[in-house]
Each structure stands twice: as C-alpha cells, then as structure tokens.
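[1] I would like to see how this sequence folds:
(chains A, B, C and D)
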2 protein chains.
Amino acid sequence: MGVSTATISNAFNRPDQLSAKLRERILRDAAKLGYHGPNLAARTLRRGESDVIGVILSDSLTYSFSDPVANQLLQGVSDVLVERNKHLLLLSSHVDSSEQRGAESLPDGFILYGTIDQATFERVKRTGKPMVLVDFESDEVASVNIDNEKGAYKIASHALAKGTHEVAVLGLKLIDFDRVCRLTQADLDIEYKEISRSRLKGFTRAAEENGCSFKPDSIWHIPINNTTNAEIAAREALTKIPRPNVLLCMSDVIALTAIRVARELGLSVPKDVTITGFDGIPESERSNPPLSTVCQQSIEKGKLATKMLLDGESREQVVLETKLELRGSTN
Amino acid sequence: MGVSTATISNAFNRPDQLSAKLRERILRDAAKLGYHGPNLAARTLRRGESDVIGVILSDSLTYSFSDPVANQLLQGVSDVLVERNKHLLLLSSHVDSSEQRGAESLPDGFILYGTIDQATFERVKRTGKPMVLVDFESDEVASVNIDNEKGAYKIASHALAKGTHEVAVLGLKLIDFDRVCRLTQADLDIEYKEISRSRLKGFTRAAEENGCSFKPDSIWHIPINNTTNAEIAAREALTKIPRPNVLLCMSDVIALTAIRVARELGLSVPKDVTITGFDGIPESERSNPPLSTVCQQSIEKGKLATKMLLDGESREQVVLETKLELRGSTN
DNA sequence: CCATGCATCTTAATTATTTAAGAACCTTTA
DNA sequence: TAAAGGTTCTTAAATAATTAAGATGCATGG
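    From the prediction side, this is the model:
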C-alpha cells in the first residue's frame, strides 16, 4: 500500500535498500494480505534462477522410490539440497520427450542418474545448464562413478578363490531387452553402454584367473532391478543342470532374492551355493545369511554429485572406491 | 524466422490455429536453433499452471526416500503423475518456512503427507490451490486416511486372543519429543493430533476386552520411524522386567527391528514373544518369521490421493480399509 | 463486383518479479 | 547558501511465454 513493487521486492530480497521501519511495515502488511514472498515462476523468469535442481532418472519415476540404490542416492541428493535451500524436481527420461512439456527449462542444474538415452542427454546438454552424471560417463561432463570392473573382480575373486566351480551370473541390464533371459555369444558381441558390462568384465577376469569360466548361457539378463524379475532369473539359474555352486549377482536386490529362492529350493547358502551381491544396501546386512557384497557409498555418491553441481564449474570425473564386505553368503 | 511469437506458441500448443506446413517448418527450425518448447517459468507465469504437483512431507526430505511407507506412497503418487504428464516437486514442511523462498507458489496443487504443522498447513491453504491430505484430516479439505483405531484393534485382538499377557507397545510419534522414551500418564493426558494416538486407542480397547492392560511405562515413544530408534526401544522393551510376551508395534519397520533384536537376545518369535506390525511393507513378508501386520495399501493411497487432486473439486474424506495379514510372528 | 465468411497469421496486452537508473529529500560542509 | 553526498524510494525496462482481438488474404456466392 502506497509503495512501489520495487520496494516490496527489496523488502524481501535486499533489506539494505530500504529503511528497517518501512521493511517491517511491508512484511507485516504483506502477511495480512496473504502475500508470502515472490512468485517462483515470475522470479525465475526474471532472474533466470529457480533454486530448483532436477534429477533425471534413467528408469521410471516409480523406480526412484522402489529401488534401494536409487533411493540412497536420492537421500544423499536431498540431504545436500535441503542444506542449501534448493528444491528437488524429479524427472524421468523414460517419458516420451515430446510430452515432457519443457520441464527441463525450470531447474538451475541437473543430476543425471544411470544410463540415460542419447536424446535426453542431448536435450539437457542444450540447456547449457550445469550437470553432473552419476553411474554414467561422458567426455567433458562432470561425473561420479565407481570402478565397476574392479569391484566385480574383487568379489568374484573371493567367491572363486578355492575349489572348483560351476558359475552362473545374474546380470542387470546386459542387453536391450525388457524380459529376463539368458545371453548368447551374439548378445555379448554387441557393444552396450552400461555399467553392468564392466561388472561382467570383472567377473570374467576373476573367473579366468581362477581357472574357471562361464558360458553366455550361464549369464542371465535382468531388465529391471526388482524382486519379481530377480526371482524368475534366480529360479532358472538354481534349477539349471549342472546346478551352479557360485551365483554372482550384479545387485543386492538380485542376490537377496536369490538367497531366498535358494532356501525355498532347499539349498543351503553358502554350503550348496555361494551367493554374492553388489551395492551394499542396508538389507544386505540383515539377510539370513548376511550377504557378501561390494559396497558403494550410494548416499555419499548422491551428496558428492550434488555438491559438485552446486559448487561450480568442475568438469571432474570422479571415481569412488568400493569396499568389499565379506559376510555369511560366501565362505 | 519471419513469424511472430504468437504463431510459435500456437505451433507448440494449438496446431489447429495454423497450417500444417508452417507448423512443420517452425518446429523444424526451432529444433535447429536449439529451442525445445516453451520455458516453464514463463508459461507458468502467464497461464497460472505449471504442470507441477507438490508433495509436502511432514518429515525431512531424506525421510521420503528412506522410509518404506513414505516410499510406497510416493510410488503411487508418481505412477499417476507420470500417467498424466505432471511433474513432481518434493517439499518438506521441516525446513524453516522463511527459507522456503516461496516454492509453494509454483505447483498447481498439493498432497500433504503426514501430520504437518499448522503454519505450513495455513500457508498452503492460503495459496487457494487444491490439496489432498494423506494420513491427516481437516474439515473442508479432501483427505485419504485409514481407520487406524480399527486396524490397531484388529491386530491387537488377534495377538491377545488366548492366554495371559504382559504387553508392551512400541509406539510412533506419541508425544512431541525427539528421543526414544517411555510414556507417563501425563503424556497421555495431553492431546496430540497424530494417527498413532488412534492406533494406541485400538490397542487399549483390544487389551481391555481381553482382560489385560498396559501401563504408560510399557509404552515406548519413537520419534522417527527408523531402525536406529526402533532398536533402542526394542532393546529396552525386551529386557524390561517383567519381560513382555506381546509386543505391539506401530509400524513394520519397528516390528521387523524388534524381531531381529528378539533373536539377538535369544528369544524365539512367537514362542517367547509375539510381535505385531503395522503398515504391510514388502519386507514384512520376507522376515524370519514373517510378520503379522495390518496392511494398508500405501501405493493405492498415493494413487487415489493424486487422482482426487487432479480430477477435481472433491472435498471427500476417504477412509480406506485395512487388511489383517496373519503370519508367523504371532500364533 | 462487393459482401461474407473462413483460414491464417500478427499485434499488443498481460502475467509477477527484478534491477539499473534516476528522482526526491535530507544532511553535511565549505 | 549552495554544492556534495548519502539515504530512501520510484520509474520503467526486461524476462518468455499466452491469448483475445484484430488484420490480411482468399475463395465463394448473391
């Protein structure tokens, strides 16, 4: 009342630009009139900054809540965002891009999680806004990754250390197919840009060094990391003849499901079959037997990526260490 | 090039307003120039619609990812949002409201989950935008709830059906205190608007009907639904003298932790101690023994609330049915 | 041949805010 | 007392879109 919009703006944003008295009065009157600070859309339009950070997920939005690893990552992300007073907008690269209605115009920056398709990647790059990739790499773009090959090698080496082995691999996203299936040599010959292929390399190298090997038809492809898919694969693998006595799984969700299926089939873990995981989700400690796995600090990964995004111009490609956690599911 | 901004806008939003030929050309040229659809902030400012839905959480943002129940709810929410081409903005009522920077001005509507504080509630109401409450009620506002008293009554009645009992309750958010503690009568005399109090009423009624009762000092208050807090409470309760042989827990997370603690203390479930949960999270099926619990369809709850929000002017106060799921942790 | 109608495209107002530049006013000092 | 300087507030442009209303051109029909 009786003051310009500029003064109101200053009352909210630049207290030094007006007298304390007037500022008090404006804030009080604004509250009375039901005005509680600037409209985010208008502020964003004018300033070009929204205080919103977009997280783009390779899988469906739903997945970000259901998958324990995505979950932990997002925990880390939101921890930092809350600290810095930023907001979190969840986007999925899954939706038809024509339907996205330009949502990527809002955020000030992006975290891209997982192997996102080229079209989405290009679209985000063209915004010119800062971005950090997680579990995904590209030249000239900052990223946070783990050494998947090494992690896989470490745990497979442990599992295959003594004795002779019939090995099966329960793999995640090894080919571009949306159902559980075994692989063929042809599948493996086609290049496929997923971290799972690095894990497979680690498994293979460990197997070779321990004088054993596994054929493509002992490798299962699981398209989405959930118990439903994992159960199908685990049941097939554990009833295969000859029955494997080592099951190398590319995620803890898969491995925990495999332990359960093994028990249902009357198999003792690790006596009849050794089972290994990958990720180090909280449940892996509490299973029966507890799961031997490769821990990646997913929460930390989320925190680090978010800090890198907010703190600036880093083009760094970070590779975090994994930690081998040997528990009851191997011996 | 050579066309007005209005025509460009129409090319993206109202294809019937221009010739197909020109539209094609505009879309093609726009793509070449790196323009991929309208800026969300500008569009929102002009249209007053952002296609963004805000979910306001009573607890910290992090909690929305770490807690299985919040998780399932958000799964349901995001399922519907993806279907309808809406975006999801996560907000916490936890953050200092002065720091929120007016983020509630962006969304077209809100889902408020849990018992949110009066100030936040008022702030959202003042936006005049549609809202749906979940696990929370208020006159004149649409909401989705379950009958907590009845659910609690049902499972407690089952647990207390035969024999004599020493009962302990592991309760969630029973008072306004941020550490695990036992209650006093004074605590219970103070009114506290939380769904947990309804659950407590259900437990109490079932106990009375079965000729047993429990004192306030057999009721534990757990401020946040996580394993850390649950473990403290479970350990205290299970080492109390006389040791309880029935443990009524107000969440599955608490109950699953209690089962684990009981085992660590050398107690057999359900022989030495009967343990019940509440919620029906996926893990409750897979524990050892599997948990008897009250299932609430959290995913459905999220879906329903979101549909109510998007589909219109409903002021309905929905109360969903719960389902008793009797498994190995009771007999 | 002019009026009518229709399809197609443009003009200009509007949205809520930020911010540089300028105006108004008061105080100080030579 | 007039210039200088500082504080406090206002003016007006800019941000990127949407949309009602208007303009333009073209075909049709009386």
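
[2] drop to CA atoms for contacts and neighbour counts, all remaining ones
    Fine.

[3] What is the neighbour count of the residue in the stretch 151-300 of chain A positioned nearest to DNA strand D?
    Nearest residue of the stretch 151-300 of chain A to DNA strand D, counting by C-alpha to the nearest atom of the strand: A:Lys193, 33.0 Å away. By the criterion of other C-alpha atoms under 10 Å in any protein chain shown, A:Lys193 has 14 neighbours.

[4] Just the pLDDT at the residue lying closest to A:Arg126 once chain neighbours are set aside, thanks.
    In space, and not counting its chain neighbours, A:Arg126 is closest to B:Gly34: 6.7 Å by C-alpha to C-alpha, 6 or more residues apart in numbering or on different chains. pLDDT recorded at B:Gly34 is 81.

[5] cool, and the one 5 residues further on?
    Per-residue pLDDT puts B:Asn39 at 92.

[6] In contact with the closest residue to it other than its chain neighbours, which residues?
    Once flanking residues are discounted, B:Asn39 sits nearest to A:Ser105: 5.4 Å by C-alpha to C-alpha, 6+ apart. A:Ser105 makes contact with A:Thr127, B:Asn39, B:Leu40, B:Ala41, according to C-alpha atoms under 8 Å, 6 or more residues apart in numbering or on different chains.

[7] quick one: average confidence on the strand or helix carrying A:Val261?
    Using DSSP states H and E, A:Val261 sits in helix A:252-264. For helix A:252-264, the mean pLDDT works out to 96.

[8] nearest residue to the residue of the stretch 51-200 of chain A found nearest DNA strand C other than its sequence neighbours?
    The nearest approach of the stretch 51-200 of chain A to DNA strand C comes at A:Asp51, 11.7 Å away (C-alpha to the nearest atom of the strand). When the adjacent residues along the chain are set aside, A:Asp51 lies closest to A:Lys86, with 5.0 Å between them (C-alpha to C-alpha, 6+ apart).

[9] dump the residue contacts of that neighbour.
    A:Asp51, A:Val52, A:Ile53.

[10] And A:Leu256, by the same measure?
    A:Gly277, A:Ser284, A:Ser287, A:Leu291.

[11] tally of neighbours for the last one?
    For A:Leu291, the tally of surrounding residues (other C-alpha under 10 Å) stands at 30.

[12] The first one too?
    Applying other C-alpha under 10 Å, we find 29 other residues in the vicinity of A:Gly277.

[13] Low-confidence regions, the stretch 201-331 of chain A specifically.
    A:313 (pLDDT under 70).

[14] all helices in it, in order from the N-terminus.
    A:227-238, A:252-264, A:283-286, A:298-311 (DSSP state H, counting those that start in this stretch).

[15] got a list of contacts for the shortest one?
    Translated: helix A:283-286. A:Asp252, A:Leu256, A:Pro290, A:Leu291, A:Ser292, A:Thr293.

[16] let's see 7 Å
    Under the criterion C-alpha atoms under 7 Å, 6 or more residues apart in numbering or on different chains, residues A:Asp252, A:Pro290, A:Leu291 lie in contact with helix A:283-286.

[17] ok so, going back, ok, and the closest non-adjacent residue to the residue of the stretch 151-300 of chain A closest to DNA strand D?
    A:Thr115 (7.6 Å).

[18] For A:Val124, see how far away that neighbour is.
    14 Å (C-alpha to C-alpha, to the nearest Å).

[19] can you list the residues of chain A near DNA strand C?
    Contact residues (C-alpha under 7 Å from any atom of the strand) of chain A with DNA strand C: A:5-10, A:12-13, A:37-40, A:42-43, A:45-47.

[20] hmm, 10 Å instead?
    Neighbours of DNA strand C within chain A, by C-alpha under 10 Å from any atom of the strand: A:4-14, A:17, A:35-49.

[21] re the thing from before, please identify which pair of the contacts of A:Leu256 lies farthest apart.
    By the measure C-alpha to C-alpha, A:Gly277 and A:Ser287 form the most distant pair in the contacts of A:Leu256, at 11.8 Å.

[22] Looking at the helices of the stretch 201-331 of chain A, which is nearest to B:Asp187?
    Nearest to B:Asp187, of these and by C-alpha to C-alpha, is helix A:283-286 at 34.4 Å.

[23] Convert the C-alpha atoms of that closest one to PDB, please.
    Extracted C-alpha coordinates of helix A:283-286, given in PDB (Å, rounded to 0.1, in the frame of the first residue of the first chain):
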ATOM      1  CA  GLU A 283      19.100 -55.000   3.800                       C
ATOM      2  CA  SER A 284      22.300 -56.900   2.800                       C
ATOM      3  CA  GLU A 285      23.500 -56.800   6.400                       C
ATOM      4  CA  ARG A 286      20.200 -58.200   7.800                       C
END
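
[24] Buried residues, it. List them.
    Of all the residues in helix A:283-286, those buried under the rule 16 or more other C-alpha atoms under 10 Å in any protein chain shown are A:Ser284, A:Glu285.

[25] who in chain A is up against chain B?
    A:34, A:36-42, A:44-45, A:61-62, A:65-66, A:71, A:74-75, A:78-79, A:85, A:87-91, A:99, A:101-103, A:105-106, A:126 (C-alpha under 7 Å from any C-alpha of the partner chain).
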